[in-house]
Every structure is written in structure tokens, then in C-alpha cells.
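Trainee: no sequence for this one, just the structure:
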């Protein structure tokens, strides 16, 4: 029995859920998210809670049971509160700024990098060295943050580059005489 899947997903005040067969639509103050669940799970909505159950006792159904419960929980949390990932930029002359519908990154290359901001994602630069990526879809927020980080990953000697706010960079010792 799935420890994750057996618990229901509680629907907070202000969030609505509509289930039509395998399609699930969750609407809240931060937008609307839809997903088509796998055929191996049954999703029902009753008494301000969403229940996910396996269709049969196959191994695939039991594996997808907890996966879909967590995906639905992330959808409910995303439309109610949203998700935010913060990035820090370290390095001399490294900075970021939002210009219109794109993020301008100066990361020590001979040219500036312009990253187009996807639909449904908000990017804010509180400081020139701090980026906040937020949105309702947890997967898309994480993907955008990973793409921004991939332009200049932190290096292990001085720690220069783009890193997650809570990421710890293991430093290496430099050359010795």
C-alpha cells in the first residue's frame, strides 16, 4: 500500500476541482492547471478532498498511485499559493535584469544572454544578483530555474556562476607553489 497515495489531497478554500474521466482541472487565484491522469489510477473528488486509488493491483498501478497523488497535490498548492525558486549570481560583473518579456543575463561572456520568459512564469530581479522565478506549475518553475542556472553553473574554485539560493558549493583548493 502506498504511504503517499493513501492520504487524500485536501482542497483549500477558494480552489475548485473538476474531474471528467481521466481529465482533472484545478482552478484557484493563481490560475488554472489541467492534467490527464494515467489509466492505472482512479481520481475522485468528495467532501473537499481528492482521492487517488489504483485501478487494480498491478505493479504499474501501485507505482503511479503515489506519483499522481503528489502531482495533484502540487497542482492544488500551485493554484492556491504558487511556487518560487530563488537563484543567486556570484561573480564580478555578473548581473541580471528583466527587460520587457525577457531576462537579460550578463555572466562574463562576450555577449549578453536574453532568456524569453515563458507564459505562466513570473521572473523578478530584487537585486542585480538575485533572481526569483515563480508560477503555479511546479515542474515549469523548476525547469525555468534549471535552464537559467545552466547558462553558467557555479564553478568549484571561487564559486562564480548562477546557483540556487540554498545550494552549497563544495570548494576545491587551488594550486600550490
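Mentor: Nice, I can see it. The model shown is predicted, which means the values in this text are computed figures rather than measured ones.

Trainee: so who does residue 126 touch?
Mentor: Contacts for residue 126 (CB atoms under 8 Å, 6 or more residues apart in numbering) come out as residue 132. Every residue, glycine included, has its C-beta placed from N, CA and C.

Trainee: same thing but 10 Å
Mentor: 86, 132 (CB atoms under 10 Å, 6 or more residues apart in numbering).

Trainee: what about it, helix or strand, and which?
Mentor: Using DSSP states H and E, residue 126 sits in strand 121-127.

Trainee: now the helix ranked longest in the chain, how far from the chain's geometric center?
Mentor: Longest helix in the chain, counting residues (DSSP state H): helix 59-80. Chain-centre distance of helix 59-80: 14 Å, with CA atoms, centre = their mean, to the nearest Å.

Trainee: residues near residue 67, how many?
Mentor: The number of residues packed near residue 67 is 17, by other CB atoms under 10 Å.

Trainee: mind listing what it touches?
Mentor: Contacts for residue 67 (CB under 10 Å, 6+ apart) come out as 2, 4, 5, 37, 38, 40, 41, 52.

Trainee: are any of those buried, and which?
Mentor: In these, burial by neighbour count holds for 2, 5, 37, 38, 40, 41, 52, counting by 16 or more other CB atoms under 10 Å.
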